[in-house]
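K.L.:
missing the sequence, but the structure's below:
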């Protein structure tokens, strides 16, 4: 886990002052790992540090303005049976606090001790060796800034597209771009961190996608689906999935072959997406797609935008 600066900025832009609660250290059996974080604001929150009484009490304390380092044994006092202990760091963030924040590493002196030798060594290791594990060192919280491991483009904001975004957007290390022909096709509320692109001709956006990105093609139009597949095959991709039946894919294969694409290239497009045995309901498709993505590592994880 790491510091999701983009999500924090988006939350601050929407809600103003935000409390961020992060698991800074653990001992024994605990629900979440070091670096797991949640954002809390009046009337809502996103993310989780494990749920239950610990999360509830941490959220209430954050809303009450309590900040800093706190330690919590997960025993009878909290009504949790994990048996371990968790150290939390709670900080308040607003637009002013975010000014100038950036870089591959975010380190904060939470107790005003200054940079001790242990802190200096931890920072040097993180910067020189690329060590990325979050850590609480002598009152400093040191976290790497989140760099998405996978780029996913979802083409189409219909029922299946919406289900996919709802299921996939909470997954760590995944940056989602969601494209369709007009804003009215998207829901009023889009999950934090999902980038929406509404253009009359979505196929023209293909050139903006990283060549290592993964794609799910499921628009309202078979003609648009075909054009997207054609352009993605020319552009290059990490993975590509298409919604449809075996009959649809047989027709697409024939038409794409006529456009000059080889059979090995066409074999890299998965159709139908998801696990057909789960059913055809949008949420069933989304669960099948999510399962397949979690099982299979990305082939183009680090490629930057061209």
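P.N.:
Ah, there it is. Because the structure is predicted, anything quoted here is derived from the model rather than measured.

K.L.:
Look up the closest residue to residue 276, ignoring the ones flanking it.
P.N.:
Nearest residue to residue 276 in three dimensions, chain neighbours excluded: residue 288, at 7.8 Å (Cβ to Cβ, 6 or more residues apart in numbering). Backbone N, C-alpha and C define where each C-beta goes, glycine included.

K.L.:
Just confirm the one you found is within a strand.
P.N.:
No. The assignment for residue 288, made by DSSP: H, G, I helix; E, B strand; the rest coil, is helix rather than a strand.

K.L.:
how near is it to residue 152?
P.N.:
Distance, residue 288 to residue 152, by Cβ to Cβ, to the nearest Å: 15 Å.

K.L.:
quick one, which of the two is more surrounded?
P.N.:
Each of residue 288 and residue 152 has its neighbours counted (other Cβ atoms under 10 Å); residue 152 has more, 26 against 19.

K.L.:
Next, the buried residues of the helix or strand hosting the more buried one.
P.N.:
For residue 152, the enclosing helix or strand under DSSP states H and E is strand 150-155. Residues 150, 151, 152, 153, 154, 155 are the ones in strand 150-155 that count as buried (16 or more other Cβ atoms under 10 Å).

K.L.:
And these, which two are furthest apart?
P.N.:
Greatest spatial distance in those: 150 and 155, 16.2 Å, computed using Cβ to Cβ.

K.L.:
Let me see the contact set for the residue of the chain most remote from its centre.
P.N.:
The centre of the chain is farthest from one residue, residue 258, which by Cα atoms, centre = their mean lies 37.3 Å away. Shown in contact with residue 258 (Cβ atoms under 8 Å, 6 or more residues apart in numbering): no residues.

K.L.:
Same question for the one 10 residues further on.
P.N.:
Neighbour list for residue 268: 237, 239, 240 [criterion: Cβ under 8 Å, 6+ apart].

K.L.:
The same query, at a cut-off of 10 Å, please.
P.N.:
Neighbouring residues of residue 268 by Cβ atoms under 10 Å, 6 or more residues apart in numbering: 232, 233, 236, 237, 238, 239, 240, 261, 299.
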